[in-house]
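>>> Next input, structure requested:
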Amino acid sequence: MSLLPHPLLTPLLAVVWVLLNNSFTLGQWLFGALLGWLIPLFARRFWPEPVRLHRPLVLARFILMLLYDILVANLAVAWLILRGERAQHPGFVEVPLRLRSDLAISLLANTISLTPGTVSAWLSPDRRYLVVHGLDVRDPEALIATLKRRYEAPLVEIFEPC
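Down below sits the predicted model:
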């Protein structure tokens, strides 16, 4: 039994706590560190397998790319809404998955849902494909290729063994 079950999650939770409170005082940092230690400690029984990052630098690049994509997608969705209903072409697509770990699939589904204009709707029972709803799906194959290239491929590098 490790006293620090998720060493990468602990500092991340501390930073998130400080940012959410918008207070950079020593007390907030200490409380964030305490939460960052306690939350993974109490939640470890819900994580059946340890998290293994195979390419942590790819994770950093992925996070930056996701933040950029969220910003651009917000602008695109705003423009789509301003243009009216006729400009929208909503639809569902089935994205075949290479990912196999529960954590990686969950991160992919959440990443897609965080990006405005798309939402993960359903995971097949065999976990072979993810159904995604898009607000503007003019070319379903292009949307699938973009999701796989921008989100799934880096997650495969980060979490799946080579």
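
>>> Walk me through the domains of this protein.
Structural domains annotated on the chain: 9-46, 56-159, as defined by automatic domain parsing.

>>> which stretch in those has the least confidence?
Mean pLDDT is lowest for domain 9-46 among the domains of the chain, at a mean of 89.

>>> That domain: end-to-end distance?
15 Å (Cα to Cα, to the nearest Å).

>>> same thing with stretch 122-137?
Using Cα to Cα, the span of stretch 122-137 from its first residue to its last is 17 Å.

>>> what sits up against it?
Stretch 122-137 has contacts (Cβ atoms under 8 Å, 6 or more residues apart in numbering) with 76-77, 80, 87-97, 100, 105, 108-109, 112, 117-121, 143, 147. Yep, even glycine has a C-beta here, placed from its N, CA and C like the rest.

>>> Next, the buried residues of stretch 73-89.
Within stretch 73-89, the residues scored as buried using 16 or more other Cβ atoms under 10 Å are 73, 76, 77, 80, 88.

>>> Keep only those of those that are in helices.
Using DSSP state H, the subset of the buried residues of stretch 73-89 located in helices is 73, 76, 77, 80.

>>> would you list every one of the strands in this protein?
For the chain, the strands defined by DSSP state E cover 91-96, 118-123, 129-134.

>>> Select, out of these, the one closest to residue 47.
For the strands of the chain, proximity to residue 47 was assessed by Cβ to Cβ; strand 118-123 is nearest, at 18.8 Å.

>>> tell me, what residue is most central in the protein?
Central residue of the chain (Cα atoms, centre = their mean): residue 111, 3.1 Å from the mean position.

>>> and it, what does it touch?
Shown in contact with residue 111 (Cβ under 8 Å, 6+ apart): 66, 151, 155.

>>> Need the strands of the chain in TSV (columns: mean neighbour count and distance to residue 30).
As requested, the strands of the chain are arranged in TSV below (neighbours: other Cβ atoms under 10 Å; distance: least, Cβ to Cβ, whole Å):
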stretch	mean neighbour count	distance to residue 30
strand 91-96	15	42
strand 118-123	17	36
strand 129-134	19	40
